[in-house]
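Peer 1: structure of the sequence below:
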Amino acid sequence: MIKIELFDKLIIEYNTGPIPPPFCHRYKIILSKDDRGIFSIDLSIEYYDRDEITEEEIFEEGFFLDDNFSWKGSLPSIWGREVEKKLEISNWKKKNFISENGSEFAIRIFRNNQFEILKPADVRIWEIFAHEIIQAIFEISEKESPLKISFFSNGNGSTDKTIIIDFTYSFAQRVVLPAPIQKDKKSIGWEEGQKLLKYIFNFDYLPENSFDKIPKKQGSYISPGDGYWYELTANENANKASIAQINRLIETLRSYG
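Peer 2: Okay, here's the model as predicted:
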């Protein structure tokens, strides 16, 4: 395995591969570091093969006619440290990555005016990391707002207090802010916040089961960033494991209130 401790520039490239438009796309992230240790970044996202489908089909899938995006600038200093840390703790092989579904993921690492195309031992971790970088750029460029997830619970019994809390995920600053912030409550660490996010999106939130506002019916509800509310409850055919999983999520979310 190859270890990377120093670098001058990184180029991360991804291609979805053989999936139909309007979903198929490719992106390139160029991270450069100057002599002062300041990081600059260049992002380009391109959607392709859209001439094969109609405008109506593009809109029906929730896209726009031109979803391509490009941006150049710099990221907060915390990102420079995170990139260096991610490089240092990762193991590398001299090959790019093509998954079973045909998607491609490659990283070019430049050092001393030379570069290598390397594959991280855990590709999924770097794919997630690349998406975090893109989301941070979307926030900085004001293309998107920070992700806001809201939770409301009016208790499952007479002794349970009513709780409403917002979790604001700032990818640009790599921090999760629970609100309202109480004296005994601190911001959630990024790793803890990522685990919570994974836990939340481990469930399917179906549009047909959504509410425009918080229902008055007793229960626990979540708004996972799409502007709608969903009740956290198991369906009538759920097994014991599914019921236990939902109850654990509710108790976890209530613990932040």
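Peer 1: give me every residue that touches Ile149.
Peer 2: 166-167, 169, 197, 200, 222-225 (CB atoms under 8 Å, 6 or more residues apart in numbering). Backbone N, C-alpha and C define where each C-beta goes, glycine included.
Peer 1: what's the closest non-adjacent residue to it?
Peer 2: Nearest in space to Ile149, with sequence neighbours left out and distances taken as CB to CB, 6 or more residues apart in numbering, is Phe167 at 4.6 Å.
Peer 1: doesn't Tyr199 make contact with the one you found?
Peer 2: No - here Phe167 does not reach Tyr199: they are 11.7 Å apart, not a contact under CB atoms under 8 Å.
Peer 1: so the two - more neighbours on which side?
Peer 2: Phe167 (22 against 14; other CB atoms under 10 Å).
Peer 1: chain neighbours aside, what residue packs nearest to Gln135?
Peer 2: Closest residue to Gln135 apart from its sequence neighbours, by CB to CB, 6+ apart: Phe171 at 4.1 Å.
Peer 1: hmm, the one you found is touching Ile140, no?
Peer 2: No - with contact defined as CB under 8 Å, Phe171 and Ile140 do not form a contacting pair (9.2 Å).
Peer 1: between these two, point out the one with more neighbours.
Peer 2: Neighbours of Phe171 and Ile140, each counted by other CB under 10 Å, are more numerous for Phe171; the result is 23 against 17.
Peer 1: next one, pLDDT for that one please.
Peer 2: Phe171 is assigned 94 on the pLDDT scale.
Peer 1: OK, contacts around it?
Peer 2: Per CB under 8 Å, 6+ apart, neighbours of Phe171: 132, 135-136, 138-139, 146-147.
Peer 1: hmm, 10 Å instead?
Peer 2: By CB atoms under 10 Å, 6 or more residues apart in numbering, the contact set of Phe171 is 75, 79, 131-140, 144, 146-147, 190.
Peer 1: in the strand or helix carrying Asp166, which residues are buried?
Peer 2: Here Asp166, judged by DSSP states H and E, is contained in strand 163-170. Across strand 163-170, burial judged by 16 or more other CB atoms under 10 Å covers 163, 165, 167-170.
Peer 1: low-confidence ranges in this protein?
Peer 2: For the chain, the stretches with pLDDT under 70 are 1-3, 5, 95-100, 155-160, 178-187.
Peer 1: pull out the buried positions in the helix ranked longest in it.
Peer 2: In the chain, with assignment by DSSP state H, the single longest helix is helix 123-140. Under the neighbour-count criterion of 16+ other CB under 10 Å, helix 123-140 has 126-127, 129-130, 132-140 buried.
Peer 1: could those residues be laid out in JSON lines, adding distance to Glu55?
Peer 2: JSON lines is the format used below for those (distance: CB to CB, whole Å):
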{"residue": "Trp126", "distance to Glu55": "35"}
{"residue": "Glu127", "distance to Glu55": "30"}
{"residue": "Phe129", "distance to Glu55": "34"}
{"residue": "Ala130", "distance to Glu55": "30"}
{"residue": "Glu132", "distance to Glu55": "32"}
{"residue": "Ile133", "distance to Glu55": "31"}
{"residue": "Ile134", "distance to Glu55": "25"}
{"residue": "Gln135", "distance to Glu55": "27"}
{"residue": "Ala136", "distance to Glu55": "31"}
{"residue": "Ile137", "distance to Glu55": "27"}
{"residue": "Phe138", "distance to Glu55": "24"}
{"residue": "Glu139", "distance to Glu55": "29"}
{"residue": "Ile140", "distance to Glu55": "30"}
